[in-house]
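1. need a 3D model of the following:
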Amino acid sequence: MKHRVLLLILAMMNIYGTCRLSLRDVSIPPNVKTVKVNFIENRARYINPQISPRLTDKLRQKIISQTRLSQTNSEAHYEISGTITDYSVNTSGISQQQVASNNLNVTVHIVFVNRLDEKMNFEADVSRSFPFSATQSLTQAESALTDQIINNLADEIFNRIFSNW
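-> Numbering: from 1, shown residues only. Next up, the predicted model:
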């Protein structure tokens, strides 16, 4: 009896483990066909020259691969603009009266324009903090964190625009 229950549980885990929830086009009305992602400008006090072009490219790729929208460089149904407004470091942890960890803080101001429904237009700040050891220089931390920064911010921006939750 115990073996049957165990086999049933394993079978259920296998079935549910292979199911994937897809949020593709969850909140995109059928009449929306095109998107334009403008270059995300960097106006932070400190500028990492990799962040703007890589974030812009990652967001474009994510939208094209995870929605049915077509990208255009002319007027689109959805237009997305952004500006990096903060790229700074602050102390996040102290141990034995020494700095033990820091945070690299990045904020992107997003402007979303829905040309088919102006009530859906919005502006929002997307902020993330990325911890790193105080034994690392900012250059070392940036080298280690850039991919994570790009991926997390692109995900956060995408979710803010396309998810209703």
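2. least trustworthy helix or strand in the protein by mean pLDDT?
-> When each helix and strand of the chain is scored by mean pLDDT, DSSP states H and E, helix 2-18 comes last, with a mean of 47.
3. the helix or strand that comes right after that one: how far from the chain's middle?
-> Moving toward the C-terminus from helix 2-18, the next helix or strand (DSSP states H and E) is strand 34-37. Here strand 34-37 is found 17 Å from its chain centre; the criterion is Cα atoms, centre = their mean, to the nearest Å.
4. give the other helices and strands that whichever helix or strand comes after strand 34-37 contacts.
-> Heading C-terminal from strand 34-37, the first helix or strand you meet, by DSSP H and E, is strand 41-42. When contacts are defined as 3 or more Cβ pairs under 8 Å, 6 or more residues apart in numbering; DSSP states H and E, strand 41-42 packs onto helix 51-66, strand 78-95. Using the backbone N, CA and C atoms, a C-beta is placed for each residue, glycine as well.
5. show me what the longest one is packed up against.
-> Right, strand 78-95. Secondary elements touching strand 78-95 (3+ Cβ pairs under 8 Å, 6+ apart): strand 34-37, strand 41-42, helix 51-66, strand 98-114, strand 122-133, helix 138-162.
6. buried residues in the fourth one?
-> To tie it back to what came earlier, the one meant is strand 98-114. 102-110, 112-114 (16 or more other Cβ atoms under 10 Å).
7. over to the last one?
-> Neighbour counts using 16+ other Cβ under 10 Å place 141-142, 145-146, 149-150, 153-154, 156-158, 161-162 of helix 138-162 among the buried residues.
8. present the residues you listed as JSON lines; the columns should include pLDDT and distance to residue 126.
-> Putting those into JSON lines (pLDDT from 0 to 100; distance: Cβ to Cβ, whole Å) gives the following:
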{"residue": "141", "pLDDT": "94", "distance to residue 126": "20"}
{"residue": "142", "pLDDT": "94", "distance to residue 126": "19"}
{"residue": "145", "pLDDT": "96", "distance to residue 126": "16"}
{"residue": "146", "pLDDT": "96", "distance to residue 126": "17"}
{"residue": "149", "pLDDT": "97", "distance to residue 126": "12"}
{"residue": "150", "pLDDT": "98", "distance to residue 126": "13"}
{"residue": "153", "pLDDT": "98", "distance to residue 126": "6"}
{"residue": "154", "pLDDT": "98", "distance to residue 126": "10"}
{"residue": "156", "pLDDT": "96", "distance to residue 126": "5"}
{"residue": "157", "pLDDT": "97", "distance to residue 126": "5"}
{"residue": "158", "pLDDT": "96", "distance to residue 126": "10"}
{"residue": "161", "pLDDT": "94", "distance to residue 126": "10"}
{"residue": "162", "pLDDT": "92", "distance to residue 126": "13"}
